[in-house]
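> After the sequence you'll find the predicted model.
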Amino acid sequence: MSLDWIYYAISWILLTWHSAWDAIVPAGAVINTNWPWILAIVFLVVTVRVILFPVFVKQIKSQRAMQALQPKVKELQEKHKGDRETLQKEMMELYRKEKANPLMGCLPMFLQIPVFLGLFHVLRRLDPDKLNKTLYGWTVDQFDSASHAKLFAAPIAAKFGSTPEELVRLGADGHTVKLVAGILVVIMIATTYLTSRQMILKTGWAEDPQQRMVQRLMLYGIPLSLLISGSIFPIGVIIYWVTNNLFTLGQQQWVLRKFPPLVTNPKAGSTTPRGPVQPSKIGSFLNRAKPAAQVPAKPAAPKVAGPKPGAKPTNPKKGRPAKRQG
């Protein structure tokens, strides 16, 4: 299956934003950075995330539905222990009845994979020695401009593992490229970890072993894999990934504040909307609880002053009107 339509779509969005920012931002390099191309990549992320926002809302709803079903899932696991086939049928029937889709939680990520691959392919072609510079709707001037675009003197088409020949063609310094790419890879790994950590801090670990395994994979597996794969990503692709992670952090924080999630109660095996699990130091800022309302204290009863030392005690009956004799 040809992916040319993805390359054309990514190129069109990228070139459109570059034209817009080129008319606003100075054309020359500022701080050894060609900002119109950097901002074009950033706003490519914004464009994709705005398009996918309805899917993100469905993802949140699906995750809430899956959380609410955790007690019933646990009951089915206890009821059909040892009968995996029946358990799977009962769980699928439960999901169908409650309109919950376990795969919806990963759908936004899967939909962004073609965008990532398209940008990776387009930026990898930015070689000044390429003969066909007008592929995917580019002009020769646009291709040459992007080929020499830099972030802090490191070409956006270069990568941490660029060969000496590639660096010569891009007119880049190997130490500068490794420094800029290395810092961006570390930021990419950290923000990828934080996006998963943010959601788990708010919702808690899943009761279902399979879902818990997926959570661990998202939290630890993907960030660790970026330590190796990040060396083959062009700097422009890493900029895209970091921007996408920052957008996700902000979007998740807004949604989680506006629609507080259910939290699994590990003791009772049920879900309650009482509040988030206890956060670690990393998520303490994200999980600040609102201060409890202050209940006004009841006014103390007035104290009755006792007789002074040495004073003659008063008779409480004195001064009352005498009863009339019948």
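Structure's in. What do you need?
> any weak-confidence spans in the stretch 201-326 of the chain?
In the predicted model of the stretch 201-326 of the chain, residues 203, 206-208, 259-326 satisfy pLDDT under 70.
> ugh, wrong one, the stretch 1-150 of the chain
Checking the stretch 1-150 of the chain against pLDDT under 70 turns up 1, 27, 102-106.
> the strands in the protein, which residues?
Using DSSP state E, the strands assigned to the chain run over residues 150-151, 154-155, 263-265, 270-272.
> Direction included, what does the first one pair against?
For strand 150-151, the pairing partners within the sheet under DSSP bridges are strand 154-155 (antiparallel).
> Run through who's touching the partner strand.
126, 147-149, 170-172, 176-177, 179-181, 235 (C-beta atoms under 8 Å, 6 or more residues apart in numbering). (C-beta placed from N, C-alpha, C; glycine too.)
> which of these has the most neighbours?
Of all the contacts of strand 154-155, the highest neighbour tally under other C-beta atoms under 10 Å goes to residue 235, namely 28 neighbours.
> looking at it, it is touching residue 182, isn't it?
No: shown here, residue 235 and residue 182 do not form a contact pair, counting by C-beta atoms under 8 Å, at 10.6 Å.
> In this structure, where's the longest helix?
Of all the segments of type helix in the chain, defined by DSSP state H, the longest one is helix 174-203.
> List the buried residues in that helix.
Buried positions in helix 174-203, judged by neighbour count with 16 or more other C-beta atoms under 10 Å: 176-178, 180-181, 184-185, 187-189, 191-203.
> Same check on stretch 56-69?
Neighbour-count burial for stretch 56-69 [16+ other C-beta under 10 Å]: 56, 59, 60, 62, 63, 64, 65, 66, 67, 69.
> Including distance to residue 16, could these go into TSV?
Rendered in TSV, the data for the buried residues of stretch 56-69 read as follows (distance: C-beta to C-beta, whole Å):
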residue	distance to residue 16
56	23
59	28
60	30
62	33
63	34
64	36
65	38
66	38
67	40
69	43
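> In JSON lines, list the contacts of strand 154-155 along with distance to residue 116.
Formatted as JSON lines, these follow (distance: C-beta to C-beta, whole Å):
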{"residue": "126", "distance to residue 116": "16"}
{"residue": "147", "distance to residue 116": "21"}
{"residue": "148", "distance to residue 116": "24"}
{"residue": "149", "distance to residue 116": "19"}
{"residue": "170", "distance to residue 116": "22"}
{"residue": "171", "distance to residue 116": "27"}
{"residue": "172", "distance to residue 116": "23"}
{"residue": "176", "distance to residue 116": "25"}
{"residue": "177", "distance to residue 116": "21"}
{"residue": "179", "distance to residue 116": "24"}
{"residue": "180", "distance to residue 116": "20"}
{"residue": "181", "distance to residue 116": "17"}
{"residue": "235", "distance to residue 116": "14"}
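> Out of those, flag the one nearest to residue 249.
Nearest to residue 249 among the contacts of strand 154-155: residue 235, at 21.2 Å, using C-beta to C-beta.
> can you pull the contacts of the closest one?
151, 154, 155, 156, 157, 158, 159, 177, 180, 181, 184.
> how many neighbours does the closest residue to the last one other than its chain neighbours have?
Across the structure, with C-beta to C-beta, 6 or more residues apart in numbering as the measure, the residue nearest residue 184 apart from its sequence neighbours is residue 238 (4.3 Å). Applying the criterion other C-beta under 10 Å, we find 24 residues in the vicinity of residue 238.
> With residue 247 instead?
When counting by other C-beta under 10 Å, one arrives at 17 neighbours for residue 247.
> now the one 3 residues further on
The tally of other residues near residue 250 (other C-beta under 10 Å) stands at 11.
> Now do it against residue 49, distance only.
Distance, residue 250 to residue 49, by C-beta to C-beta, to the nearest Å: 10 Å.
> quick one: the closest residue to residue 9 other than its chain neighbours and residue 125, what's the gap?
Distances taken as C-beta to C-beta, 6+ apart place residue 118 nearest to residue 9, at 7.0 Å, with adjacent residues excluded. Distance, residue 118 to residue 125, using C-beta to C-beta: 11 Å.
> Same drill for those two, tell me which one is more crowded.
Neighbours per residue (other C-beta under 10 Å) separate residue 118 from residue 125, with residue 118 holding more: 23 against 19.
> Any buried residues in stretch 150-169, and which?
The neighbour-count check on stretch 150-169 (16+ other C-beta under 10 Å) flags 150-151, 154-160, 162, 166-167, 169 as buried.
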